[in-house]
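S.K.: Have a look; sequence and predicted model below, questions after that.
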Amino acid sequence: MIEATSIAQKTIVIRKVLIVEPNIIYESGTGGTNFDILQRNIDNYLGSSASDKSKKNSGKKVIIESFEIRDAKVNYNGTIDLPIPNIYLRDIGKKNGGTSFALVSKKVLSELNSKLSLSKSSISDSIGGAAKGAGNAIKGIFEK
């Protein structure tokens, strides 16, 4: 939902962005994960110097009051689908009177990466727990 009157202004105000049930693919390769590559591309676009950043921020700015991703599922390397925790971001760019779309992308990707990491650690915990349980069961068979 966009505040219609802001479209003609230098800063666009978006009341709400809601993404429901996206299917996210997380792949790992020799250059890192697809999310690592996206992060590098955003960082390269933003540049490292103050003049690079001011050039990138010279266009339209945006304020996003509410950004949500709900009920997302992630597929890890084509092997397993898992739910990831919901993402709720509030008042993106509001403190500074607006921000660039590139910085919004960076913030959303960073939050998504942290949720994916949580989901990946739950895979490791689940697999580790299952392996330990199987090992104890096998050990119990041979100890009788």
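M.R.: Cool, the structure landed.

S.K.: low-scoring stretches of this structure, by residue?
M.R.: 48-58, 118-144 (pLDDT under 70).

S.K.: And the residue most central in space within it, how far from residue 101?
M.R.: In the chain, the centroid-proximal residue (C-alpha atoms, centre = their mean) is residue 112; its distance is 1.6 Å. Note on residue 112: its distance to residue 101, by C-beta to C-beta, to the nearest Å, is 16 Å. Backbone N, C-alpha and C define where each C-beta goes, glycine included.

S.K.: State whether residue 102 is indeed within a helix.
M.R.: Yes: counting by DSSP: H, G, I helix; E, B strand; the rest coil, residue 102 is found in a helix.

S.K.: returning to that earlier point: surely the residue nearest to the centre of the chain meets residue 69?
M.R.: Yes: under the criterion of C-beta atoms under 8 Å, residue 112 makes contact with residue 69 at 7.3 Å.

S.K.: what is in contact with those two at once?
M.R.: residue 87 (C-beta atoms under 8 Å, 6 or more residues apart in numbering).

S.K.: buried stuff in stretch 7-17?
M.R.: 11-14, 17 (16 or more other C-beta atoms under 10 Å).

S.K.: what sits against residue 1?
M.R.: Here residue 1 is in contact with 14-16 (C-beta under 8 Å, 6+ apart).

S.K.: Distance to residue 40 and secondary structure added to the buried residues of stretch 7-17, as JSON lines?
M.R.: Shown next, in JSON lines, are these (distance: C-beta to C-beta, whole Å; DSSP: H, G, I helix; E, B strand; the rest coil):
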{"residue": "11", "distance to residue 40": "28", "secondary structure": "strand"}
{"residue": "12", "distance to residue 40": "27", "secondary structure": "strand"}
{"residue": "13", "distance to residue 40": "30", "secondary structure": "strand"}
{"residue": "14", "distance to residue 40": "26", "secondary structure": "strand"}
{"residue": "17", "distance to residue 40": "24", "secondary structure": "strand"}
